[in-house]
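[1] Predicted model and sequence follow; I will ask about them next.
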Amino acid sequence: MPSIDSYNTASTSVQVSTGFWHVMSGPIISSRQLSCMPRDVTGIERIMITAQGDLQRLLSAFFGRPIFVEPVCVDTSPRLHSASPDCAITQSRRVHLVCAGKVVCIATSTVALTSPVAERLLLDEKFPIGQTIRKLGQCPRFSLLNVETNTVDTKRELRRTYTLEAAGFFAEILEVFPDRDMFVRGEAWLLEGQPVRKVTCTRVTKSHVKPECFFILLLFITPVYYLACKIFPPP
């Protein structure tokens with residue numbers, strides 16, 4: 001079931017099929033009703049699940065590090081004309097969201113572009129989906145279609161399917177968080193398995209040149225200097 005959003009000046013509430021979660025806050029009320037919500041989904045996971053085009057920003061805030069978008073595959077329909085409601089340009093794409101060298105999310109999307117501005121931002125300027133919507137300056141219509149938890153190769157996986165719609169732009173997106181432990185262990189999970197760089201500094205407390213070397217050097221330089229002065233006397 002798509003999400004249902006509404007608002008007034010009193011509070012914020014989120015409703016799911018497994019219960020009712022009500023949070024009092026500022027001037028907006030937002031109600032989201034899902035066809036299924038796993039009962040073991042945690043609070044931080046709910047925040048990520050209900051992200052509306054700003055998942056990268058939330059992940060960056062959670063890990064305290066930048067999130068990079070790494071394209072995996074992209075397939076774009078022929079661009080014979082500028083995007084318009086009568087001539088949509090479509091694109092299928094898969095990207096990895098990467099933090100500190102680890103994949104934190106795999107996003108597979110199908111996008112339909114029906115405006116030249118959205119076409120330029122996504123296809124020419126290469127903005128990711130979330131940033132494209134931000135550049136459009138619009139608040140997208142968000143529908144959370146499904147949330148699932150699975151176990152794959154002993155790792156607990158979280159995935160969601162949702163749509164984002166704005167003027168001239170529509171996307172259906174499947175996002176997979178490959179290991180839910182990231183939301184439990186945070187930075188410890190992020191750095192697990194990465195090589196530790198050992199940086200050592202050796203403080204020099206004394207010269208490694210033996211004193212007798214200075215004496216030998218002095219004996220060599222002195223006669224050479226004396227002879228040079230005889231041959232080329234100073235003016």
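    Noted; the coordinates are in hand.
[2] is it true that residue 130 lies in a helix?
    Yes. Inclusion of residue 130 in a helix is indicated when DSSP: H, G, I helix; E, B strand; the rest coil is applied.
[3] how many neighbours does it have?
    For residue 130, the neighbour count with other CB atoms under 10 Å is 21. No exception for glycine: its C-beta is placed from N, CA and C like everyone else's.
[4] Same check on residue 152?
    Neighbours of residue 152 (other CB under 10 Å): 10.
[5] And residue 154, by the same measure?
    So residue 154, with other CB under 10 Å, has 6 neighbours.
[6] How about the contacts made by it?
    Contact partners of residue 154, counting by CB atoms under 8 Å, 6 or more residues apart in numbering, are absent.
[7] how about it, phi and psi?
    For residue 154, the backbone dihedrals are phi 70, psi 0 (criterion: degrees, to the nearest 10).
[8] List of residues touching the helix or strand where residue 117 lies?
    Using DSSP states H and E, residue 117 falls within helix 116-119. For helix 116-119, contacts defined as CB under 8 Å, 6+ apart pick out 79, 82, 83, 84, 89, 113, 132, 136, 166, 168, 169.
[9] Go through those and flag which are in helices.
    132, 136 (DSSP state H).
[10] Quick one: the contacts of helix 116-119 as CSV, columns for pLDDT too.
    Below are the contacts of helix 116-119 laid out as CSV (pLDDT from 0 to 100):
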residue, pLDDT
79, 90
82, 92
83, 92
84, 93
89, 94
113, 95
132, 90
136, 88
166, 91
168, 92
169, 93
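[11] Okay, and which of the contacts of helix 116-119 map to strands?
    Taking DSSP state E as the definition of strands, those contribute 89, 113, 166, 169.
[12] hmm, which two among those are most spread apart?
    89 and 166 (15.2 Å; CB to CB).
[13] looking at the protein, which helix or strand is least sure?
    strand 19-23 (a mean of 36; mean pLDDT, DSSP states H and E).
[14] Beyond it, next helix or strand please.
    helix 43-49.
[15] Buried residues, that following helix. List them.
    45, 48, 49 (16 or more other CB atoms under 10 Å).
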